[in-house]
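Engineer: Structure for the following, please:
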Amino acid sequence: MRYSILVNGRRRSIESDPDTPLLWVLRDDLHLTGTKYGCGIALCGACTVHLNGVPARACVTPISSVGDALVVTIEGIGESEWGRKVKDAWLALDVMQCGYCQAGQVMAAVNLLARNPRPSDEDIDAAMNGNICRCCTYTRIRAAIKRAAGLPTTDTLQVQT
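Structural biologist: Model prediction:
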């Protein structure tokens, strides 16, 4: 079937089976490879994208369910104010180690700050729950979220200027 989807503000047309996960449409058909395959069962968060501003696991979202929703991937998240702030904080605090999960982490963090611009540690934990980092950069992730929000952090991280 032919689908017309709105990705990062641009209308894209693709031919796909209705059950094909959005993840594979993004990666294989549209060559947007920032969204990663992790577990394939919506548990790790590496494939997180936004559908109309709401985080969604692209590995289990069939292309047939996307409809007219605006799909935003890690490649497009920097177009929003929170996206820019989160990406800048991630880089300033050198959050990434292997980096594999970080696209999903950033997408979850942007959604959190868009809903709650002054999150507590508990808010951050709840919002980021389900986004797994095998390198365990959780302390840096929390500090970056706080930095993006303009909140003080008690974490002792080297900040690049």
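Engineer: My guess is Arg12 contacts Ile5. True?
Structural biologist: Yes. Using Cβ atoms under 8 Å, Arg12 is in contact with Ile5, at 5.6 Å. Yep, even glycine has a C-beta here, placed from its N, CA and C like the rest.
Engineer: Let's verify the most centrally placed residue in the chain: helix, strand, or coil?
Structural biologist: For the chain, the residue nearest the mean C-alpha position is Met107 (2.1 Å; Cα atoms, centre = their mean). At Met107 the chain is in helix, as set by DSSP: H, G, I helix; E, B strand; the rest coil.
Engineer: so who does it touch?
Structural biologist: Shown in contact with Met107 (Cβ atoms under 8 Å, 6 or more residues apart in numbering): Thr48, Val49, His50, Pro55, Val72, Ile74, Ile77.
Engineer: go on, Arg142?
Structural biologist: Residues in contact with Arg142 (Cβ under 8 Å, 6+ apart) are Asp121, Ile124, Met128, Thr153, Asp155.
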